[in-house]
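Student: I need the structure of the sequence given here:
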Amino acid sequence: MEIQVMHFSWTEIICAETEYLLTLTGSLLGDSQALFDISSYWTNEPYFEITLPCSSSYIATLQSRNAAGTSGKSASRNGTTAPCPPSGVVYSGNSSFATVSWNSSVFATTYTLYDDSVSPKKQLCNTTMLSCSLSNISFGSLVVTAHNAAGESPSANVMGGRKQYYICMKTKP
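Tutor: The predicted structure is shown next:
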């Protein structure tokens, strides 16, 4: 799994010696059986960074404390991390016409197919679907990424799959 550093920040309370505690609850890969509940340590900084795996959903709350006591939890903020790379990426066809397909990535809203043989990599297709059809392209340098509002996944390499070969036969007159 890809790990992402999440940066949470808030408005500092103007009160002597105030500390903050960030709490995240959520699920991994959209799985209701793979839950997490993690907290920062008490800090006097108005931000905290926590690592979360790709394709995680979370609910964040904040508490503060000082000599007078500890607050209740703040209003919650919901979010997701950037998606994991798509899996099962396959190239089908030949260099004249091919389809690249993949499995969905949890929380992905769009996918992009790139030619990774050039720098910067060249976008060939951007879609909400689970495939792209192209002409005059070989699979050796293709990569696919998944996107959502939180960001873009690392690249998934395209693997050669069901190639179609055409055989021409000559018959004698």
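Student: Let me see the contact set for the residue nearest to the spatial centre of the chain.
Tutor: Centroid-nearest residue in the chain: residue 83, 1.8 Å away (criterion: C-alpha atoms, centre = their mean). Going by C-beta atoms under 8 Å, 6 or more residues apart in numbering, residue 83 touches 54-55, 105-108, 146-148, 153. Bear in mind the C-beta positions are built from the backbone N, C-alpha and C, glycine included.
Student: where in this protein is pLDDT low?
Tutor: 1, 160-173 (pLDDT under 70).
Student: hmm, 80 instead?
Tutor: By pLDDT under 80, the weakly predicted segments of the chain are 1, 95, 138-140, 160-173.
Student: how about the helices in the chain?
Tutor: Secondary structure of the chain (DSSP state H): no helices located.
Student: Next, give phi and psi for the residue nearest to the centre of the chain.
Tutor: phi -70, psi 160 (degrees, to the nearest 10).
Student: still on that earlier bit, could you save the contacts of residue 83 as CSV and add columns showing neighbour count?
Tutor: Output for the contacts of residue 83, formatted as CSV (neighbours: other C-beta atoms under 10 Å):
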residue, neighbour count
54, 25
55, 27
105, 25
106, 19
107, 22
108, 24
146, 28
147, 19
148, 18
153, 25
